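Undergrad: how would this look folded up:
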Amino acid sequence: MKHTWRWFGPKDRVSIDDMLQAGVQGVVTALHHIPTGAIWSPDEIRKRQQAVSVMADGAPSGLGWDVVESLPVSEAIKTQTGDWRAHVDNWITSMRHLHAAGIEVICYNFMPVLDWTRTDLAWRRPNGARCMRFDLIDFAAFDIHILARPGAAEDFPESVRAEADRRFAEMTDDRRAELARNTVFGLPGAAESFSLDDVRALLDSYKPVTDAVLRQNFHAFLEMVTPVAQDLGVRLCCHPDDPPFPLLGLPRIMSSEADYAERMAAVDLPANGITLCSGSLGARPDNDLPGMMERLGDRVHFLHLRNVRRDADTAPASFFEDEHLGGQTDMVALIDAVLREEARRKAAGRADAQIPMRPDHGQDILDDIGRGGQPGYPAIGRLKGLAELRGVERALSWQASA
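TA: Below is the predicted model:
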């Protein structure tokens with residue numbers, strides 16, 4: 001695996017120097033300042049590559065921009081409304097510009113409205129560490145009482161509704177405001193500027209979009225962009241839903257192995273691939289991550305290795321971001337499956353034999369606490385995770401060669 005690290009650009013509290021000292025081999029980043037649907041220009045791409053290439057003192061970093069995460073797919077494309085065709089054309093133009101700059105792996109997602117959802121961005125663990133958490137009761141309280149989405153109560157079992165009612169009644173005004181902020185943090189590029197009315201307006205735009213319609217719209221998008229990617233030699237990799245079950249009355253169509261198999265078959269080209277995120281997919285008990293890597297590995301172009309612990313073996317269920325070797329995904333078995341796939345690719349002479357991986361998320365530990373970094377992306381917590389994952393990889397590689 002190639003060990004990469006997500007970087008949110010020059011304003012990120014975690015620096016290029018930090019990444020180098022953590023032993024990172026490549027960078028995953030995106031042009032978050034460019035509005036969704038607009039073209040990523042060659043000049044803006046070069047600026048980001050230049051920022052990645054130098055340390056704070058101007059010395060060469062030796063790092064490159066290896067993976068785009070993410071080139072956003074607009075809500076207009078997902079709903080096929082407004083300027084959606086122009087947005088697809090712009091997406092393709094941005095892909096061409098990225099390829100011209102030497103970047104060949106593009107991660108994206110097709111999640112309606114929210115890119116990801118958590119109810120707590122700094123949940124305290126018994127040892128004092130902080131992590132992100134999705135609490136189903138808190139989310140129900142948000143959906144039913146704060147967002148006040150019509151029909152929300154009917155989407156939850158009676159036991160969840162009753163507990164959500166009780167918990168909401170006990171919340172202070174500050175906690176209610178914090179819960180609302182946390183829950184909409186996953187709005188693409190708009191954590192501080194989107195209001196609850198904005199969320200309601202987005203939900204209204206999805207009223208005609210059923211599960212079947214969203215699948216059709218996704219397939220239409222793939223039919224337009226994948227042949228271009230195939231011709232260029234670009235590998236597209238769709239990130240799973242996070243969490244992998246329906247929220248806010250919206251369809252979710254990238255939550256399981258069956259979803260991925262259906263999407264890959266819809267446009268059966270090698271460029272149409274997968275971001276295998278063990279944390280997102282691991283929030284469902286029926287997702288077998290080592291098995292998915294074994295069965296779908298030929299199309300896995302990017303790996304997110306993280307672990308979650310569910311409060312119950314049901315979906316939906318509450319969960320928190322556990323340590324990388326904790327949680328309920330067998331990370332050793334998953335990495336073993338990855339290494340076997342890489343060996344198969346190497347034997348077949350594939351240019352993409354080494355799969356880029358990043359230690360996705362991490363708990364805030366030590367000096368991460370109070371640093372004010374991007375939620376889920378601490379320096380020391382991710383360094384610890386990367387070290388653990390690297391150790392597993394090294395041990396398995398040694399065992400295979402012994």
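
Undergrad: Break this protein down into its domains, please.
TA: As recorded under automatic domain parsing, the domains making up the chain are 2-115+209-314+321-401, 120-203.

Undergrad: for the lowest-mean-pLDDT helix or strand in the chain, packing partners?
TA: For the chain, using mean pLDDT, DSSP states H and E, the weakest element among its helices and strands is helix 196-205, scoring a mean of 91. Applying 3 or more CB pairs under 8 Å, 6 or more residues apart in numbering; DSSP states H and E, we find helix 196-205 packed against helix 75-79. Just so you know, the C-beta spots here come from the backbone N, C-alpha and C atoms, and that holds for glycine as well.

Undergrad: Could I get the CA-only coordinates of the helix it packs on as PDB?
TA: The C-alpha coordinates for helix 75-79 follow below in PDB (Å, rounded to 0.1, in the frame of the first residue of the first chain):
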ATOM      1  CA  GLU A  75     -26.900  18.100  -5.900                       C
ATOM      2  CA  ALA A  76     -28.100  19.200  -9.400                       C
ATOM      3  CA  ILE A  77     -26.400  16.200 -10.900                       C
ATOM      4  CA  LYS A  78     -27.800  13.900  -8.300                       C
ATOM      5  CA  THR A  79     -31.300  15.200  -8.800                       C
END
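
Undergrad: Quick one: the strands in the stretch 151-300 of the chain, in order.
TA: 235-238, 272-277, 300-304 (DSSP state E, counting those that start in this stretch).

Undergrad: Sheet partners, orientation included, of whichever helix or strand comes after the last one?
TA: So the one you mean is strand 300-304. Counting by DSSP states H and E, the element after strand 300-304 in chain order, helix or strand, is strand 307-310. Here strand 307-310 is paired, per DSSP bridges, with strand 319-322 (antiparallel).

Undergrad: which residues sit against the strand it pairs with?
TA: With CB atoms under 8 Å, 6 or more residues apart in numbering as the test, strand 319-322 has contacts from 123, 131-134, 243, 279, 283, 306-311, 328, 361-363, 376.

Undergrad: Just after it, pick out the following helix or strand.
TA: helix 331-347.

Undergrad: What score does the residue at minimal distance from the centre of the chain have for pLDDT?
TA: Nearest to the mean C-alpha position of the chain, by CA atoms, centre = their mean, lies His239 at 5.6 Å. Looking at His239, its pLDDT is 97.

Undergrad: hmm, back to that, any idea which of the domains of the chain scores lowest on pLDDT?
TA: Mean pLDDT is lowest for domain 120-203 out of these, coming in at a mean of 91.

Undergrad: In contact with Arg133, which residues?
TA: 118-120, 123, 318-321.

Undergrad: I appreciate the help and will end here.
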